[in-house]
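>>> here are the coordinates; sequence isn't available:
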Ligand SMILES: Nc1ncnc2c1ncn2[C@@H]1O[C@H](COP(=O)(O)OP(=O)(O)OP(=O)(O)O)[C@@H](O)[C@H]1O
């Protein structure tokens, strides 16, 4: 039996609604993300991916409807140590070394001793442990942010566009890491607007205008639309939704 069999879904939303700046940006969203999978949250810029992730990790205000994370209401104090979140903006100090950043974050999170060395190895940054973050490349810097999110050995990792701006080899090594974390029992929700990353996900959630356009495996979405890839499936689903809306 798999580690996550019978486990509560990683995320379960019913009628989720979020207002930002006086505007409804997520409207009646229903979604179930199973545990123990790498789930890709895909959609164009402004479709609500970041807003949904912020609601999941409990930092978004003006959220109504039902939202459960690992079987508990989003924002529950008990979830704090079970979630890892990597935002689009770097969450590390440029004037500290990689290790200093991680030690500081580990203290704030109350992460166990030894977690700094563990995450350094996980994101392949041990050779840069003593380097100032200011001297790292963009890809190395985003791996430091990822390492911070991994410090508490989270059950659910929420990553907002972690591969943006990275070269193809680095993107591949990060997706390999996500698969390893999944194999160790972690659930991952990873946003991207690069549709070709869909092939690395166990399951996809396609978002548009603050709602879920479709969700399923890439094979299911391809079969449903007759498209060759995620981008084709997304466009076919947009056309179908527009045609349904026009009638
Ligand atoms: N602080 C804010 N105040 C008001 N509206 C906001 C705010 N942040 C985002 N929005 C709006 O909410 C909507 C959803 O934005 P969100 O950042 O969730 O989209 P996204 O899919 O993550 O986009 P991207 O891929 O560009 O990050 C957009 O229309 C955006 O303009």
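Everything's here; your move. Computed from a predicted model, the values in this text were never measured in an experiment. Numbers count the residues shown, from 1 in each chain.

>>> Run a quick neighbour tally on whichever residue of the chain sits closest to the ligand.
Residue nearest to the ligand within the chain: residue 21 (2.6 Å; C-beta to the nearest ligand atom). Every C-beta, even on glycine, is put in place using the N, C-alpha and C of the backbone. Residue 21 has 6 neighbours, counted by other C-beta atoms under 10 Å.

>>> In terms of secondary structure, what does the helix or strand of the chain with the lowest mean pLDDT contact?
Least confident helix or strand, the chain: helix 230-246 with a mean of 86, by mean pLDDT, DSSP states H and E. Helix 230-246 sits against strand 203-208, strand 211-216, helix 218-225, with contacts defined as 3 or more C-beta pairs under 8 Å, 6 or more residues apart in numbering; DSSP states H and E.

>>> can you list these in JSON lines and add mean pLDDT?
Formatted as JSON lines, these follow (pLDDT from 0 to 100):
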{"stretch": "strand 203-208", "mean pLDDT": "94"}
{"stretch": "strand 211-216", "mean pLDDT": "93"}
{"stretch": "helix 218-225", "mean pLDDT": "93"}
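
>>> So for residue 237, which of these sits nearest?
Using C-beta to C-beta as the measure, strand 211-216 is the one of the helices and strands packed on helix 230-246 that comes nearest residue 237, at 5.1 Å.

>>> Okay, buried residues for stretch 194-208 please.
195, 197-198, 200-208 (16 or more other C-beta atoms under 10 Å).

>>> which bits of this protein sit near the ligand?
20-21, 23, 25, 43, 45-51, 193 (C-beta under 6 Å from any ligand atom).

>>> can you do 5 Å?
Contact residues, the chain versus the ligand (C-beta under 5 Å from any ligand atom): 20-21, 25, 45-51.

>>> just to revisit the earlier point, tell me which of the helices and strands packed on helix 230-246 is the most buried.
strand 203-208 (a mean of 22; mean count of other C-beta atoms under 10 Å).

>>> which strands and helices sit next to that one?
By 3+ C-beta pairs under 8 Å, 6+ apart, strand 203-208 packs against strand 23-33, strand 38-42, strand 211-216, helix 218-225, helix 230-246.

>>> please redo it, this time with the cut-off set to 7 Å
Taking 3 or more C-beta pairs under 7 Å, 6 or more residues apart in numbering; DSSP states H and E as contact, the helices and strands that strand 203-208 lies on are strand 38-42, strand 211-216, helix 230-246.

>>> what's the angle from the last one to strand 203-208?
Relative orientation of helix 230-246 versus strand 203-208 (axes from the mean of the first three to the mean of the last three C-alpha atoms, to 10 degrees): 50 degrees.

>>> Identify the residues contacting helix 230-246?
In this structure, residues lying in contact with helix 230-246 by C-beta atoms under 7 Å, 6 or more residues apart in numbering are 42, 195, 198, 204, 206, 208, 213-214, 218, 221-222, 225, 227.

>>> residue ranges for the helices of this structure, please.
49-57, 98-109, 115-122, 138-150, 168-183, 218-225, 230-246 (DSSP state H).
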